[in-house]
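Engineer: sequence and predicted structure below; questions after.
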Amino acid sequence: MYKRWYDIDPTVSLAVSLMRNANIISQYKCADLIVQTSKQQGIDLSDNILTDAFTYVLRRWYDTDQKIAESFEYLKLLPIEIQKEVALNIINLLQMEEAG
């Protein structure tokens, strides 16, 4: 059994791990990519229960920043195939950021 929602797929898990270890600027770029892709897929958080990202207990590393927490809520709502695509894009983006 998986403890975290993103561990269901190894690519998504890797992307989240890399994003966690990236600097805040790179994390924001990844967050923007997630939100943009999600909105292109027709996902809107205003249709969801989450209206204030900080109304729940901050337990996860990404909960401490509203922009990143919101992007992960979008990512969770994507179908797994699209999550994988986004994960690959995050990995590529972070590799390009690291290469400088």
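Structural biologist: Thanks, I have it. Residues are numbered from 1 along each chain as shown.
Engineer: does K76 touch V12 like I think?
Structural biologist: No - at 10.0 Å, K76 and V12 do not qualify as touching, with contact defined as CB atoms under 8 Å. Any C-beta I mention is one placed from the backbone N, CA and C, and that applies to glycine too.
Engineer: shared neighbours, the two?
Structural biologist: Common neighbours of K76 and V12, counting by CB atoms under 8 Å, 6 or more residues apart in numbering, are Y6.
Engineer: pick out whichever of those two has more residues nearby.
Structural biologist: V12 (23 against 16; other CB atoms under 10 Å).
Engineer: mean confidence for whichever helix or strand that one is part of?
Structural biologist: In the assignment (DSSP states H and E), V12 maps to helix 10-21. For helix 10-21, the mean pLDDT works out to 96.
Engineer: packing partners of it?
Structural biologist: With contacts taken as 3 or more CB pairs under 8 Å, 6 or more residues apart in numbering; DSSP states H and E, helix 10-21 sits against helix 24-40, helix 80-99.
Engineer: can you classify the residue most central in space within the chain as helix, strand or coil?
Structural biologist: Geometric centre of the chain, nearest residue: F72, 3.6 Å, by CA atoms, centre = their mean. Following DSSP: H, G, I helix; E, B strand; the rest coil, F72 is assigned to helix.
Engineer: with adjacent residues omitted, what lies nearest to it?
Structural biologist: Computed as CB to CB, 6 or more residues apart in numbering, the closest residue to F72 that is not its neighbour in sequence is Y62, at 5.1 Å.
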